[in-house]
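> Kindly generate the corresponding structure for this input.
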Amino acid sequence: MSLQGRSTIRLRLTVLYAGAFFLAGAVLIALMYFYLQQSLTNRPGSAAQGAVKQFLGERGLRNTPVVDSLFKAIGAQAEQERRDTLQGMLMWSLVSLGAVGVAAGGFGWLLAGRALQPLHQITATARRVAERNLHERIALDGPDDEIKDLADTFDAMLERLDRAFDGQRRFVANASHELRTPLAINRTLVEVALDDPAVPDSTRRLGATLLEVNQRHERLIDGLLVLASSEQRLEERSCVDLADIAQRAIITAGGEAHRVGIDIRSNLTITFVTGDPNLLERLAQNLVDNAVRYNIAARGWVSVTVTDHNGSAQLTVENTGPLVAAFELDGLFEPFRRSASGNRMTDAGPAASTRGAGLGLSIVRSVAIAHGGNVRAVARPDGGLTVTVTLPMSQ
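Numbers count the residues shown, from 1 in each chain. Just a heads-up that it's a prediction; the model follows:
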């Protein structure tokens, strides 16, 4: 594995600073060594030795054995001193380079940390923004350099995102009123008309059909609004017991489960999470409802479990049902997508009007992500699904 793949940018900058210092120091030592070597080769002592040889030669003493031995000894001693000087200079230069290089690495680490401090501020803000706090800005002070330009660009992006989410929230609030009101009026008018004893049977059957269609549209709009609101930042956060929420979902679905012969089992451990109680209740309700309705007609069961797993809260809903292909699992969490492997239990019964729009698991995924969690579905070999929602526990 390369250094770049396993180290931080601060460490890489430190290595870069230290490497540049060592390279520059090595070049400087090489130049000094070469200069000293040339200087000692052409030192003044060599010229003086030549003058002495000339002086003795003029007096006939140059070629005597004693003088020649003396000059050889002096030359050898000078050469030895030259080598010792070069070796000592090289050794102490390398030792000094190593010591100062270590200090340069430490200073490089400090300088890299200071240079990267604005990036740490940008990263910390980005993490807080990831938790849907779009109102916060970096507002980086300092010189007008590349890092400040990055921070200003990030602030401008946050401003546009904040305006977009505010507009979407206003749209959801307005749509909640504008879409539900006409449907409520239609339902009231049809119910009032059907209360008239003089209404013929054909009109009464038409009215019942209109009520079913109207009810389906109300559920569709309600699901879309919940899906849209769950993708916004959470306006309400409180500490709630996930086991209590799951228990309420089981009670709510108990009537339908009993009608179609589905046995609901539960193993609920008190586990606290922080989030929007209404959205979390909708998450649990959708999971249990889907598990009841996508099931088998005989000896079907649903298992609901709440546990504390590795410091996270887990809500697991498992059920019998039709076989689900592995390639269908990801698509089940998309809006308006239903499994092609089977029908709901209620499709063939009196409650056919409760057929949904394929938003149940989409809402589950959106709510889980809004709370910093995730959802995973696994197909059971004998049919049915195991859906697990993992949420951060309250601190």
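
> separation between Thr125 and Arg237?
For Thr125, the distance to Arg237 equals 20 Å [Cβ to Cβ, to the nearest Å]. C-beta coordinates here come from the backbone N, C-alpha and C atoms, glycine included.

> just Ala370 next, same as before
Distance, Ala370 to Arg237, using Cβ to Cβ: 11 Å.

> Where is the longest helix in the protein?
If you go by DSSP state H, the chain has its longest helix at helix 65-130.

> Report all helices and strands that that one contacts.
helix 9-41, helix 44-58, helix 146-194 (3 or more Cβ pairs under 8 Å, 6 or more residues apart in numbering; DSSP states H and E).

> okay, those helices in TSV with mean pLDDT next?
Output for these, formatted as TSV (pLDDT from 0 to 100):
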stretch	mean pLDDT
helix 9-41	81
helix 44-58	57
helix 146-194	81
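
> Any idea which of those helices gets closest to Arg205?
For Arg205, the closest of these is helix 146-194, at 10.1 Å, according to Cβ to Cβ.

> Taking helix 65-130 as reference, get the angle to the closest one.
Angle, helix 146-194 to helix 65-130, by axes from the mean of the first three to the mean of the last three Cα atoms, to 10 degrees: 20 degrees.

> quick one: whichever helix or strand comes after helix 146-194 to helix 146-194, angle?
As assigned by DSSP states H and E, the chain's next helix or strand after helix 146-194 is helix 201-230. Note on geometry: by the same axes, to 10 degrees, helix 201-230 and helix 146-194 are set 160 degrees apart in direction.

> Mind checking the pLDDT average for helix 201-230?
For helix 201-230, the mean pLDDT works out to 78.

> tell me what it is packed against?
Judged by 3+ Cβ pairs under 8 Å, 6+ apart, helix 201-230 is in contact with helix 146-194, helix 277-293, helix 360-370.

> now do 7 Å
Applying 3 or more Cβ pairs under 7 Å, 6 or more residues apart in numbering; DSSP states H and E, one finds that helix 201-230 makes contact with helix 146-194, helix 360-370.

> Measure how buried Arg365 is and give me the count.
By other Cβ atoms under 10 Å, the residues close to Arg365 number 22.

> residues touching it, list them.
Applying Cβ atoms under 7 Å, 6 or more residues apart in numbering, we find Arg365 in contact with 333, 375.

> try Arg187
Contacts for Arg187 (Cβ under 7 Å, 6+ apart) come out as 211, 214.

> per-residue pLDDT, Met89?
Looking at Met89, its pLDDT reads 81.

> Next, count neighbours for Asn286.
23.

> Which residue, other than its chain neighbours, is closest to it?
Gly360 (4.2 Å; Cβ to Cβ, 6 or more residues apart in numbering).

> How about Asp155?
Excluding its sequence neighbours, the residue lying closest to Asp155 (Cβ to Cβ, 6+ apart) is Arg137, at 4.8 Å.

> From Leu158, how far out is the one you found?
6 Å.

> okay, these two: which has more neighbours?
Between Arg137 and Leu158, counted using other Cβ under 10 Å, Leu158 has the larger neighbour count: 19 against 16.

> give the contact list for the more buried one.
Leu158 touches 129, 134, 137, counting by Cβ under 7 Å, 6+ apart.

> residues near Tyr17, how many?
Tyr17: 17 neighbours (other Cβ under 10 Å).

> count of neighbours near the closest residue to it other than its chain neighbours?
Excluding the flanking residues, the one nearest Tyr17 by Cβ to Cβ, 6+ apart is Gly108, at 3.3 Å. Residues lying near Gly108 (other Cβ under 10 Å) number 21.

> For Ala368, see how far away the residue nearest to Asn286 is.
In this view, Gly360 and Ala368 are 13 Å apart by Cβ to Cβ.

> From the chain's centroid, how far away is stretch 27-34?
Put simply, stretch 27-34 sits 50 Å off its chain's centre (Cα atoms, centre = their mean, to the nearest Å).

> Residues in contact with that stretch: which ones?
For stretch 27-34, contacts defined as Cβ under 7 Å, 6+ apart pick out 86, 89-90, 93-94, 97.

> Buried ones in that stretch, by neighbour count?
Ile29 (16 or more other Cβ atoms under 10 Å).

> Which one of the helices and strands packed on helix 201-230 lies nearest to Arg248?
Arg248 lies closest, by Cβ to Cβ, to one member of these: helix 360-370, at 15.4 Å.

> report the angle between the axes of that closest one and helix 277-293?
Going by the same axes, to 10 degrees, helix 360-370 makes 150 degrees with helix 277-293.

> Neighbouring strands - and their directions - for the helix or strand following helix 360-370?
Note on helix 360-370: by DSSP H and E, the next helix or strand toward the C-terminus is strand 374-379. Strand pairing for strand 374-379, determined by DSSP bridges: strand 385-392 (antiparallel).

> ok, residues contacting the partner strand?
If you take Cβ under 7 Å, 6+ apart as the criterion, strand 385-392 is touched by 273, 283, 287, 312-319, 321, 324, 364, 368, 371-380.

> coming back round to it: pretty sure the residue nearest to Asn286 contacts Asn290?
Yes. In this structure Gly360 lies within contact range of Asn290 using Cβ atoms under 7 Å: 5.0 Å.

> Show the low-confidence segments of the stretch 201-350 of the chain, by residue range.
Across the stretch 201-350 of the chain, the ranges flagged by pLDDT under 70 are 223-224, 227-236, 336-350.

> neighbour count winner among Gly360 and Asn290?
Neighbours per residue, other Cβ under 10 Å: of Gly360 and Asn290, the larger number sits with Asn290, 25 against 21.

> Spell out the secondary structure type for the closest residue to Asn295 other than its chain neighbours.
Excluding its sequence neighbours, the residue lying closest to Asn295 (Cβ to Cβ, 6+ apart) is Gly321, at 4.8 Å. Secondary structure, DSSP: H, G, I helix; E, B strand; the rest coil: Gly321 is coil.

> Done for today, thanks.
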